[in-house]
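Chemist: next come a sequence and a model predicted from it.
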Amino acid sequence: MELDKHYSPQLVEDKWYSYWMDNGFFDSTPDEREPYTIVIPPPNVTGVLHMGHMLNNTIQDVLIRKARMEGKNACWVPGTDHASIATEAKVVKMLAEKGIKKLDITREEFLGHAWDWKNKYGGIILDQLKKLGASCDWKRTRFTMEEDLSNAVIDVFIKLYKDGLIYRGTKMVNWDPAGKTTLSDEEVIFKESQSNLYYVTYKFTDHTKETFNNELGGLQVATTRPETIMGDVAICVNPNDERYKSLIGKTVIVPVVNRVVKIIADDYIDIEFGTGCLKVTPAHDENDYKIGEKHNLEIIDVLDDDGRIHERAGAYVGMDRFACRKQIVKDLEEQGIITKSEQIKNTVGHSERTDAVIEKKISTQWFVNMQEYLKRFPQVLSAVMNDEIKFHPVKFKNVYKHWLDNIKDWNISRQLWWGQRIPAWYDEKGNYVVAKTEAEAQKLFRDNAFKAPMSDNSNLIERHVNRDTLNVQHSTDEEHISNPVNLIQDADVLDTWFSSWLWPMSVFDGFKEGDKNDLNYYYPTNDLVTGPDIIFFWVARMIMAGYAFNGQKPFSNVYFTGIVRDKLRRKMSKSLGNSPEPMDLIAKFGADGVRMGMLLSSPAGNDILYDESNVEQGRNFCNKIWNAYRLIAGFQTVADDKVSEAVLASNKLADDWFEMKYQTAVNDILEQFKDYKLSEALMTIYKLIWDDFCSWYLEMVKPVYGQPINESALTQAKNNLEKVLTLLHPFMPFITEELYHELYDGKPMQPMILHAYPTAKGNVSQVDDKALQIISEIRNIRNSKGLSPKMAFELIIKTEQENSYKIWETTIAKLANISEINYNISKPEKCLSSLIGTDEIFIPFAEAIDEVAEMKKMQEELTYLEGFLKSVDAKLNNDRFVANAKPDVIEKEKQKRADALEKMEKLKKSLTQNNN
RNA sequence: GGGGGCUUAGCUCAGCUGGUUCAGAGCAUCUGCCUUACAAGCAGAGGGUCACUGGUUCGAACCCAGUAGCCCCCA
C-alpha cells in the first residue's frame, strides 16, 4: 500500500476513539489489581472547552494511560459541576432574552428551565474531551446536582450542623449586587483601581464650635465612598493624633442627612491617610463594622439588594450606588462641602462570576466554623506539611499553610435557586431546625429542638439588617411552638464548592446507603490535576472533607498546572480574542499534535505561553514518526544468510546500541514521571525518537538504495519502533495506536492502549560508541570545507583502541561516506586532521588544503589547552584544595591534566610535522 | 501592608546535597543540501561576565546579605 508522505490525524483519530470505547478499554470495575484513580475537576456545565481544560485533561490522560499500561486498574471519573451562580446567571439571561423575568416565575418553573438548559448544553464539554482522546470511564459520568450527590450534600450539611460546625449567624458578608447573592471570601477578586478620594467637611455643632473652630467650620474627612455618607454614625480619629485630641467626644453633623454624630477615637486609624479622620459606616466596611461593635454604634445599611440607595438612607433613594456617588459629589461640591479630591490607587473587590463591585454588608447567613473544624481535623494541615499529600510543585505548600493559618468562617449560603437547597426550616417566628424533610422538621419542632432566630422574621423575607434586627429576640412563645404550622424551608441554596468538596467520595457513592465497594477500592484517589487558582476553593476543601467524612486523605498527589496565556503573557480571554478554539486546533493539527504542543512547554506550576508553533512542533513530530514507519514498512527483506557477516554484525551492533539508548531513556522517563515532570519526560521521548531512533539507528540499519534488509534486522527495527511507540502512547495515543496496528497488519496481540509499559532496569549494558563521534566530525569537516557528502574519503585513525572503531566500520563508512579505513599508519603529507578525544584522525586530501588555516586551528586549540592545563594545575598545586576536596574530585582533576597533556603533545607533533 | 516565588542563549525553560574539558535542552537564527522515509525534512554552526553588589569557601549559576526589576497569593 502506498502511504502518503504526510500523516493525516483526521483519518485515524475518531476511528481509534470509537475502537477504545466499543471495547470498553476505559471502563473500570474493582478487581484484584492495584487501583489507580483520578477524579476529573468537574468542568462547569455552562462551559465550553478552553485551553486550560486542554492542558489539564491532557495531563490527566497521560497519567491514566500510563497507569493502565502498567497493569493497574485505571479509573478516571468524569463529570460536570452545576456551578450554581454561573449557571443561574446564564439561565436568567437566557430567560430574559425570551422576555421572562426570574421574579415573575416560581422557583419550580425556574428550575425546570435550568434543567432543560443543563440537559441541552451540559454535555458539550465532555464530548469535546473525547476529541482530545481523554480515556475517562464515561459510564461513571456524574453531575454534582444529580440526586445521589445532592443527597450527600444535604446529609453532610445536617451532620456538620449537628456536630456544631455549621451555624447560622449575622455577620458582615460579601454581597454581589449583580448576582444578588452573598459570596465567600474566595469568590471575591481584588483588583487595583484608580479612585477619587474626596475631602468632605462635617460641620461642627454649635456645642463643638465653642471649643474648636477653624476656617471650614468643621472636620475634613477623606473618603472614596461618599454615597455611604447617609450611613455614617461616627467620625473616628487616632487617640494619639494631636490635631484632634481636643475634639474627641464632641459632635459633628453628617452632610446630606444632617445627623449629629460623635467624634470617637481608635488606634485603628492611620494618622497619615487622608486627613486622619475616618467616617465610620459600620454597614459597609469590615473595619468600620469592627469599630462600630467596639464603640456600640448603630448600623445603617443604605443600600438595597440591587446596589441602589435604600429608603433607610433618607436621601437619593432608588438611585444606583455609582450614580449616587456622582450626584452626591456634585451636590456637595456646589454646597462647598467637598472642597477637593485626589486620585489614589486602591483595591476594589469584584465578584469572580459577575465581575460586579462587591458590597460588604451585614446579613444573616449559614457558615462553617473553620477554626473549630481545623481544630477537630488537624490532618488538614499536617497531611500536606508532612507530604502525606504531596503538592507539585512544592511551593504551594506555603500558600496552603498561609491560607489555613488565616482562615475565616466559610459563608455557604447563596441567594440563588440553582443548587442544593439548604435543609433548614422556619416557623413564622423565625425559629428554625435543620432536617432533611419537612416531616422531620415538624417533629423537631414538636420536641422543642429548635433554635431561636438570630434576628426577626423580616429577615427571611427581606435580607437587610437594620439596627432593630440585630437585637436578638429569644422566642418564649411555647404554646405556639408546640403546634407548628406552615414551616418554610430556607429559600437559599448552598455554595457550589460545598458540593464539589465531596466529589472524590461522592462519585464513588461514598455517602449513599448500600455497598461501599467502589469507595473502598478507589478511594483515596491517586492524583489530582488542577489549576492553582482553585487551591482554596476546591483542593483545600476536598482535603477537609476527606478527613472529616472518611478519615482519609482524598488523594496522594496534587499536580498544579499553570495558567495558559498567550505569547505576550496575557491570560486567554474572550474579550481579548486571544484564545484559539480548541476544536479548530484539533481539526487542524490533530489531537496528538495539540497534546504535545500543550505539554512541551508546561512544567508543573509554570504558566504556559501558548504559541501555535508548539502545536506545529507536535504535528511535525507525528509526521516524523509516520515517516519512520513508512521507511520500515517499505523495506524489502532477504534471509540473514544472504547478507555479509559485516552487515549482520553491524545491524546487530546498531540494535544493541539502540537498546542502550532506549533503556537509558526509559530509566530517565520513569524518574521524570515520579517527579511529575511530564514535559521533560515527553522531551526525553522526543529526542529518543527523533535523534537516536530516526537519525542514528534507522540510518545505521537502512540498506543502500534498492538493497533489501536482512530479516532479523527488520524484526529488530520493528521491535524498536514498537518500543518507542509504547513509550509515547500516553502522550500521543492516536498515532501510536494506529502505527502499532499497522506494524502488525492490523492484528497485534493486544491494542497499544493495553500494551505493557516499560520498566526501569538497574544495569544498562553499555556499548562503546566513541567511534560515532568520527561521523559527526567528518560531517563537520565537510561542511566547513564546503566538500560534498557525495565525495568518498579515505580515513586514517591513530589510536591504541582499534577495536572501538573496528566494530563500527560499516556504520562509519555508510554514514560518513568513507571508502577505506586504515589504522596507525603514518600521517600523509597532505591531509585534514582532527582529534577525537585523545585519538587522531587524518583524511588524506591532496588538493586545496589551506595549510595555514589548518595550522591556525591547531594552534588555537593548543593555546586553549595550555590555559586549561594552567587552571587544573592551579587547583592541584593548591594544598588546601588537595586537603579539602573529595578524593574522586581530585582524581578527576588528575585525569583532566593527563588528557590535556596527551592532546597537547599530539598537536605539537602535528604542528612541527607540518612545518617541515 | 503581609506572605511566597522568579531573574541562566533571541524566546520558553532544565541545572539534584557547591567540584568532570571555559554552563544544558527545545524552539528560533545562520550556512550548505529537494542525499529515494520525512523540506512538516537532512547535515553542521554560531549564540550566555548565570540581574547587580558584596560575603562565605581551596572552589559559587548553586550557600548568605543587600540592591534593582518582574510575577503570584492574601488583606
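Modeler: Received the coordinates, thanks.
Chemist: how near is the nearest residue to residue A:770 once chain neighbours are set aside to residue A:653?
Modeler: Spatially, and ignoring its direct neighbours in sequence, residue A:770 is nearest to residue A:804 (5.3 Å; CB to CB, 6 or more residues apart in numbering). For every residue, glycine as well, the C-beta is placed using N, CA and C. As judged by CB to CB, to the nearest Å, residue A:804 and residue A:653 stand 12 Å apart.
Chemist: and what of residue A:513?
Modeler: Distance from residue A:513 to residue A:653, by CB to CB: 66 Å.
Chemist: so between those two, which is more surrounded?
Modeler: A side-by-side neighbour count of residue A:513 and residue A:653, using other CB atoms under 10 Å, places residue A:653 first with 19 against 7.
Chemist: by contact count, what packs against the helix or strand harbouring that one?
Modeler: For residue A:653, the element it lies in under DSSP states H and E is helix A:645-674. Packed against helix A:645-674 by the contact rule (3 or more CB pairs under 8 Å, 6 or more residues apart in numbering; DSSP states H and E) you find helix A:678-687, helix A:699-701, strand A:709-710, helix A:711-728, helix A:809-816.
Chemist: try 10 Å
Modeler: If contacts are counted by 3 or more CB pairs under 10 Å, 6 or more residues apart in numbering; DSSP states H and E, helix A:645-674 sits against helix A:51-69, helix A:678-687, helix A:699-701, strand A:709-710, helix A:711-728, helix A:809-816.
Chemist: around RNA strand B, pick out the residues from the stretch 1-150 of chain A.
Modeler: By the rule CB under 7 Å from any atom of the strand, the part of the stretch 1-150 of chain A lying against RNA strand B is A:5, A:6, A:7.
Chemist: export those to a markdown table and tack on secondary structure and pLDDT?
Modeler: Formatted as a markdown table, these follow (DSSP: H, G, I helix; E, B strand; the rest coil; pLDDT from 0 to 100):
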| residue | secondary structure | pLDDT |
| --- | --- | --- |
| A:5 | coil | 91 |
| A:6 | coil | 92 |
| A:7 | coil | 95 |
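Chemist: can you redo those residues as CSV with distance to residue A:266 and neighbour count?
Modeler: CSV is the format used below for those (distance: CB to CB, whole Å; neighbours: other CB atoms under 10 Å):
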residue, distance to residue A:266, neighbour count
A:5, 79, 8
A:6, 74, 10
A:7, 72, 26
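Chemist: closest residue of chain A to RNA strand B?
Modeler: Closest approach between chain A and RNA strand B, counting by CB to the nearest atom of the strand: residue A:899, at 2.7 Å.
Chemist: what's the helix or strand where that residue lies packed up against?
Modeler: For residue A:899, the element it lies in under DSSP H and E is helix A:887-915. If you count contacts as 3+ CB pairs under 10 Å, 6+ apart, helix A:887-915 packs onto strand A:831-836, strand A:839-844, helix A:851-876, helix A:879-884.
Chemist: identify the contacts common to residue A:804 and residue A:653.
Modeler: A:768, A:769 (CB atoms under 10 Å, 6 or more residues apart in numbering).
Chemist: what does the stretch 651-800 of chain A have sitting close to RNA strand B?
Modeler: Neighbours of RNA strand B within the stretch 651-800 of chain A, by CB under 7 Å from any atom of the strand: A:680, A:683, A:686-687, A:690-691, A:694-695, A:698-699, A:702, A:705, A:775-776, A:779-780, A:782-784, A:786, A:789.
Chemist: of these, grab the buried ones for PyMOL.
Modeler: Buried residues within those, by 16 or more other CB atoms under 10 Å, are selected in PyMOL with:
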select buried, chain A and resi 680+683+686+694+698+702+775+782
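Chemist: what's in contact with the host helix or strand of the residue nearest to residue A:770?
Modeler: Using DSSP H and E, the element containing residue A:804 is helix A:802-806. Outside helix A:802-806, the residues that touch it by CB under 10 Å, 6+ apart are A:768-771, A:774, A:795, A:797, A:799, A:812, A:821, A:823-824, A:836-837, A:839, A:841.
Chemist: ok, now stretch A:572-585?
Modeler: Against stretch A:572-585 from outside (CB under 10 Å, 6+ apart): A:48-54, A:127-129, A:131-132, A:563-568, A:570-571, A:587-588, A:591, A:593-594, A:597-598, A:610, A:612, A:615.
Chemist: check the gap between residue A:417 and residue A:643 for me.
Modeler: 79 Å.
Chemist: err, residue A:408, not the other one
Modeler: In terms of CB to CB, residue A:408 sits 78 Å off from residue A:643.
Chemist: more neighbours, these two?
Modeler: residue A:643 (20 against 12).
Chemist: list the contacts of that one.
Modeler: Counting by CB under 10 Å, 6+ apart, residue A:643 has contacts A:650, A:651, A:703, A:707, A:708, A:709, A:710, A:711, A:712, A:713.
Chemist: in TSV: those, plus neighbour count and pLDDT.
Modeler: TSV is the format used below for these (neighbours: other CB atoms under 10 Å; pLDDT from 0 to 100):
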residue	neighbour count	pLDDT
A:650	23	94
A:651	24	95
A:703	18	92
A:707	12	88
A:708	15	92
A:709	21	95
A:710	22	94
A:711	16	95
A:712	16	95
A:713	26	96
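Chemist: what about the strands in the stretch 51-200 of chain A?
Modeler: A:73-77, A:79-80, A:142-143, A:166-176, A:181-183, A:188-204 (DSSP state E, counting those that start in this stretch).
Chemist: quick one on the thing from earlier: okay, the contacts of residue A:643 in CSV with distance to residue A:658 next?
Modeler: Output for the contacts of residue A:643, formatted as CSV (distance: CB to CB, whole Å):
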residue, distance to residue A:658
A:650, 13
A:651, 11
A:703, 17
A:707, 21
A:708, 20
A:709, 15
A:710, 16
A:711, 18
A:712, 14
A:713, 12
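Chemist: over to residue A:567. Which of the three states is it?
Modeler: coil (DSSP: H, G, I helix; E, B strand; the rest coil).
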